[in-house]
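J.: A structural model of the following input is requested.
(chains A and B)
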Protein chains: 2
Amino acid sequence: MLIRDLGEFGVIDLLNRMVVEGRVIRDGLPCPGVKLLVDTGDDAAAWNADGATELFTTDTVVEEIHFTRDTTPWQDLGWKSLASNISDIAAMGGLPTHALVTLGLPPDTAIADLEDLYRGMLEICNQFGVSIVGGDMVRSPVVFVTVALSGVTGNTPLLRSTARPGDVVVVTGELGSSAGGLKLMLEGLEASGEAAEHLKNAHRRPVPDVAAGQVLAESGVATAMDVSDGLCDDLGKLCRASGVAAEIEAILVPVHPLLREVFPGECVGMALNGGEDYKLLFTVPPAQLNEVNQRLPQPGVAVGRITAGEPGRVAVLDRSGAEVSSGRQGWDHFAS
Amino acid sequence: MLIRDLGEFGVIDLLNRMVVEGRVIRDGLPCPGVKLLVDTGDDAAAWNADGATELFTTDTVVEEIHFTRDTTPWQDLGWKSLASNISDIAAMGGLPTHALVTLGLPPDTAIADLEDLYRGMLEICNQFGVSIVGGDMVRSPVVFVTVALSGVTGNTPLLRSTARPGDVVVVTGELGSSAGGLKLMLEGLEASGEAAEHLKNAHRRPVPDVAAGQVLAESGVATAMDVSDGLCDDLGKLCRASGVAAEIEAILVPVHPLLREVFPGECVGMALNGGEDYKLLFTVPPAQLNEVNQRLPQPGVAVGRITAGEPGRVAVLDRSGAEVSSGRQGWDHFAS
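T.: From the prediction side, this is the model:
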């Protein structure tokens, strides 16, 4: 059997099982003196060392798979390759700290492009207090950028596996603008200057919601992840990890007015299934939402609820409550 | 200008400078509350968080650049991709703890091969108390494996930048066998069963010297790195980081008898310039060596001395003290 037959999620499940079942435990701990708090399968791993909770995540982008040089200039590639990782730390309620950057590069890469890449990385690092402290550079037929990022938190890490039926599903900001920006660029569409700038910027310079993650963790919220592959897809992963299902009311999903202006018919679909917005998705008992919203920098928007249905199933409902689509709409990187 | 014009080390220097100079410092620290102890440019980064010293390193192997499937079966690739990282933590005097594994894979990769890869990773992880706690998987035209590895130490990290003229240069074990094993396989050469097994095993299953690193750090040794790209090359990097030069006496470099048996004329060259042996290289004032050697699992072998010559220059001397070669013999991954 090949990877493309089993599919990305099948392969990830298989490898996660191998890793957890194949691990030798000594004195009740996998590493001497270190308590593993969050194992493989969440936005980031977490462990306790001398009181602090350390967070650890990694994310890779590959040319022609995740980006093209046309739609993502080098400086933006630098920004985005850190943004996706910072967002994973935000989704645990943590502060990002140190990054290692691995570059796969063809030998004919221009030094000026590489400098632009690092300018973009440094911009977002300085905005979020992250230090690049090392990495690796290898020759490769295609450009790839892998970032490994550490973080810290003084709170209990936010998990994917703790959603309960009855919880309300909440997002911390508008969705779909990144997908709109990509479509605008790929298809060379017309838009007002203001709308074009908003959409392209949403795609090229997404801002991770670190402040919201902090507030969630401090407010005792248990369940969160970041929206990187699309709301339906990511909520499906969260539901699967929690053994629950979810319903989303399409009309409630927040969309930026400029996205609606340019894509009136498609904006809701983009908000449901477009990726790379890097807002947070969390679930809480309804009674708790008001208090959390008063503390968030921007109040979260309730878009649906957790149910006791088939684990991992996400139903999208229209105004009348009828189901208009279901299941993962997200991206299998290995699909043909 | 292109990467291949500036060369791997020129590019790394440029990017390291950008990273350090472009970093915004607030309240004297790059990250709030965290003291960066070892910045980019050593075997691993190190910082202090709540008393413990955290270590952080990453290393990547790319198919056809660093390995081929002929000479490195999947299970050995798994072992080696962790070994090089564990060796970097060993070179800081630390214990490795948690790993993130990023796989770049063509869609036609067989699941059985992937399982073998993970079996090899789990073997070495369990031997050294490392837990794989996450990662990423992306589609790629060539196989690549990136590991990011954390570690801890209670001692001052061993650095590349603290060698002083007069120090003796010491290695913790025999060198060259990995290069010999590779040559044996690539050229389909004849060798006795015992020798062939030793050499292939040295290439396919190198064992990082974590115990030696621990002893060095506990014994107050300041300067060490691991030998991954070849003794002359790595010693050149250490010398450059310390602003010193070095002399190696070729006759002193330890070579396994089975490597000498198969490659009598080439074994010293392999020990000087072959990579992937993952022994440690350290420097100490001569008066300190005896005491350190009594504590090491296997006594280190003095192979030369640090001098006040041109920074980064490594001279290899023959029996008569005449220089037989100089400068880096190592590998520029981007050279044509």
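
J.: going forward, measure contacts and count neighbours with C-alpha atoms only.
T.: Fine.

J.: in chain A, which residue is closest to the centre?
T.: Note on chain A: the residue nearest the mean C-alpha position is A:Ser228, at 3.3 Å, using C-alpha atoms, centre = their mean.

J.: sec struct for that one, please.
T.: Reducing the assignment at A:Ser228 to three states with DSSP: H, G, I helix; E, B strand; the rest coil gives coil.

J.: Surely it is in contact with A:Asp234?
T.: Yes - because the distance of 7.3 Å satisfies C-alpha atoms under 8 Å, A:Ser228 is recorded as touching A:Asp234.

J.: What residues does the residue nearest to the centre of chain A make contact with?
T.: Listed by C-alpha atoms under 8 Å, 6 or more residues apart in numbering or on different chains, the contact set of A:Ser228 reads A:Ser84, A:Asp234, A:Gly275, A:Glu276, A:Asp277, A:Tyr278, A:Lys279.

J.: just the residues you listed now: which is nearest chain B?
T.: When the contacts of A:Ser228 are ranked by distance to chain B (C-alpha to the nearest C-alpha), A:Ser84 comes first, at 12.2 Å.

J.: and the closest one, what does it touch?
T.: A:Asp59, A:Pro208, A:Ser228, A:Glu276, A:Tyr278.

J.: Do a quick rundown of the strands in chain A.
T.: Assigned by DSSP state E, chain A shows strands spanning A:35-38, A:45-49, A:52-62, A:95-105, A:131-139, A:144-153, A:168-171, A:223-226, A:245-249, A:280-284, A:301-307, A:314-317, A:323-326.

J.: same for the fifth one, what does it pack against?
T.: Contacts defined by 3 or more C-alpha pairs under 8 Å, 6 or more residues apart in numbering or on different chains; DSSP states H and E place strand A:131-139 against strand A:95-105, helix B:8-21, strand B:52-62.

J.: so which of the ones you listed comes closest to A:His256?
T.: Closest to A:His256 of the helices and strands packed on strand A:131-139 is strand A:95-105 (C-alpha to C-alpha; 27.2 Å).

J.: Does anything pack onto that closest one? Which helices or strands?
T.: Secondary-structure packing of strand A:95-105 (3+ C-alpha pairs under 8 Å, 6+ apart): helix A:74-90, strand A:131-139, strand A:144-153, strand B:52-62.

J.: can you list the residues that contact the third one?
T.: Going back to what we said before, that points to strand A:144-153. Residues from elsewhere that reach strand A:144-153 (C-alpha under 8 Å, 6+ apart): A:52-63, A:81-82, A:85-86, A:89, A:93-105, B:148.

J.: Of the residues you listed, select the buried ones using a PyMOL command.
T.: Restricted to the buried members of the contacts of strand A:144-153, where burial is judged by 16 or more other C-alpha atoms under 10 Å in any protein chain shown, the PyMOL selection command reads as follows:
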select buried, (chain A and resi 52+53+54+55+56+57+58+59+60+61+62+81+82+85+86+89+93+94+95+96+97+98+99+100+101+102+103+104+105) or (chain B and resi 148)
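
J.: For A:Ala245, see how far away the closest residue in space to A:Val284 that isn't next to it in sequence is.
T.: Across the structure, with C-alpha to C-alpha, 6 or more residues apart in numbering or on different chains as the measure, the residue nearest A:Val284 apart from its sequence neighbours is A:Asp167 (4.9 Å). From A:Asp167 over to A:Ala245 the distance is 11 Å, taken as C-alpha to C-alpha, to the nearest Å.

J.: related to what we said a few turns ago, among the contacts of A:Ser228, find the lowest-pLDDT one for me.
T.: Across these, the smallest pLDDT goes to A:Gly275, namely 92.

J.: Tell me which of the helices and strands packed on strand A:131-139 approaches A:Trp47 most closely.
T.: Ranking these by proximity to A:Trp47 (C-alpha to C-alpha) places strand B:52-62 first, at 12.3 Å.

J.: hang on, the earlier thing: what's the most buried one of the strands of chain A?
T.: Neighbour counts averaged per stretch over those are highest for strand A:223-226, at a mean of 30; criterion: mean count of other C-alpha atoms under 10 Å in any protein chain shown.

J.: Quick one: list the elements packing against that one.
T.: In terms of contacts (3+ C-alpha pairs under 8 Å, 6+ apart), strand A:223-226 is packed against helix A:74-90, helix A:231-242, strand A:280-284.

J.: In JSON lines: the ones you listed, plus distance to B:Thr162.
T.: Listed next are these as JSON lines, based on distance: least, C-alpha to C-alpha, whole Å:
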{"stretch": "helix A:74-90", "distance to B:Thr162": "32"}
{"stretch": "helix A:231-242", "distance to B:Thr162": "48"}
{"stretch": "strand A:280-284", "distance to B:Thr162": "45"}
